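Chemist: Sequence and computational prediction follow.
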Amino acid sequence: MTELIISGLTIFCLESILIGLLMLMPRLGSLGKNISEACTKAPTLDLVVSALTWLPWLFCGVFAGWWGFTGALVAQIGVMQLWIYGHELFHTDAARDGRIVSYLNQRFGWWRNHLGLWVTAMALPAFFAIRFAQLFVYPFLTFLLGFPNYKHSDWINVSRQKFEGLVGHDLIWCLYCDWMTGVYSLGAEMLRNVESFWCPIRFYHDKKCENCKIDFPDIERGWVAADGTMKDVVQTLHEHMPENHSWSWFGHPERQRDQGRKATKVLPSVK
């Protein structure tokens, strides 16, 4: 029980200080603004998210066991709820306007809406795993096979704090969605390269093809039909293998630009 209290108080104080610094930073001149801006996008955002979520779990769990882990988790929830209360109190005018939480509470009931939000938080470990793979697994494919290298900050960033009137409860959960959507989207982009490289074959079930074509457009832009042959698959790979030995899914924007440049070169000049 002592471990729970010590861990909880330690994390409560440390995270309160970190959040205070993040809020104060934009007010510390150009240097502070630059640091604050860096904290809103990868790779610095990865450090901020880690410090506010899984790092306290890890450290407290290692040094104080399950009591330490529980203390850290309870402290984090307490800090978040305290921040929400203070932020809404400081922005009372915005809090009186239309709010997402107020509408959903009225529509579905307070307990169902809030319980649903905390259920989504249970997916955090899955998104951490995806982010880990993006940082430490996918780069091997870039090195070994020429898969495209992505600027992670174009995907992993948060900006909804700039939306006028978004405060407190709505802001904190919208930032969660902001980060989560970027992680998912970058992961899907990387997986498109993997699928079209190793298995460009349409699924046997048409319904699955229909459902997956949003995230995997190559299903309708080059993958071999389910009743095709392996010769067709090899031919498809040959046709889509770039001359420079780099690889990306068939509909990747860089491929489209290359095709456009090639088309421009072969067009006869018009006089």
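Modeler: Looks like it arrived, so ask away.
Chemist: Spell out which helix or strand contains the spatially most central residue of the chain, please.
Modeler: Central residue of the chain (C-alpha atoms, centre = their mean): residue 183, 1.9 Å from the mean position. Using DSSP states H and E, residue 183 falls within helix 168-198.
Chemist: residue contacts, the residue nearest to the centre of the chain?
Modeler: 127, 130-131, 134, 155-156 (C-beta atoms under 8 Å, 6 or more residues apart in numbering). Every C-beta, even on glycine, is put in place using the N, C-alpha and C of the backbone.
Chemist: Which positions in the helix holding residue 183 come out as buried?
Modeler: Residues of helix 168-198 classed as buried by neighbour count (16 or more other C-beta atoms under 10 Å): 168-176, 178-180, 182-183, 186-187, 189-193, 195-197.
Chemist: Is it possible to mark the buried ones in the contacts of residue 183?
Modeler: Using 16+ other C-beta under 10 Å as the burial test, the contacts of residue 183 include 127, 130-131, 134, 155-156 as buried.
Chemist: pLDDT and distance to residue 60 added to the residues you listed, as JSON lines?
Modeler: Shown next, in JSON lines, are the buried ones among the contacts of residue 183 (pLDDT from 0 to 100; distance: C-beta to C-beta, whole Å):
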{"residue": "127", "pLDDT": "97", "distance to residue 60": "21"}
{"residue": "130", "pLDDT": "97", "distance to residue 60": "24"}
{"residue": "131", "pLDDT": "98", "distance to residue 60": "21"}
{"residue": "134", "pLDDT": "98", "distance to residue 60": "26"}
{"residue": "155", "pLDDT": "97", "distance to residue 60": "30"}
{"residue": "156", "pLDDT": "97", "distance to residue 60": "26"}
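Chemist: Count the neighbours of residue 232 for me.
Modeler: Using other C-beta atoms under 10 Å, residue 232 is surrounded by 14 other residues.
Chemist: before we move on, what about residue 9?
Modeler: Residue 9 has 12 neighbouring residues, counting by other C-beta under 10 Å.
Chemist: mind starting the numbering at 859 from now?
Modeler: All set: I'll call the first residue 859, so the last point we hit is now residue 867.
Chemist: Could you find the closest non-adjacent residue to it?
Modeler: Excluding its sequence neighbours, the residue lying closest to residue 867 (C-beta to C-beta, 6 or more residues apart in numbering) is residue 933, at 7.3 Å.
Chemist: Also residue 937?
Modeler: residue 873 (4.8 Å).
Chemist: So that neighbour lies in a strand, does it not?
Modeler: No. Per DSSP: H, G, I helix; E, B strand; the rest coil, residue 873 lies outside any strand segment and is helix.
Chemist: isn't it right up against residue 933?
Modeler: Yes. Residue 873 sits in contact with residue 933 when judged by C-beta atoms under 8 Å, with a separation of 7.0 Å.
Chemist: Distance-wise, check residue 1048 relative to residue 1005.
Modeler: Using C-beta to C-beta, to the nearest Å, residue 1048 is found at 8 Å from residue 1005.
Chemist: got it, and residue 958?
Modeler: Distance, residue 958 to residue 1005, by C-beta to C-beta: 38 Å.
Chemist: between those two, who's got more neighbours?
Modeler: Ranked by neighbour count (other C-beta under 10 Å), residue 958 and residue 1005 place residue 1005 first, with 20 against 14.
Chemist: Tell me the buried residues in the biggest helix by length in the chain?
Modeler: Longest helix in the chain, counting residues (DSSP state H): helix 912-948. Neighbour-count burial for helix 912-948, counted by 16+ other C-beta under 10 Å, picks out 914-915, 917-919, 922, 925-931, 933-934, 937-938, 941-942, 945-946.
Chemist: Please apply the same query to stretch 1064-1084.
Modeler: The neighbour-count check on stretch 1064-1084 (16+ other C-beta under 10 Å) flags 1067, 1071, 1074-1077, 1080-1082 as buried.
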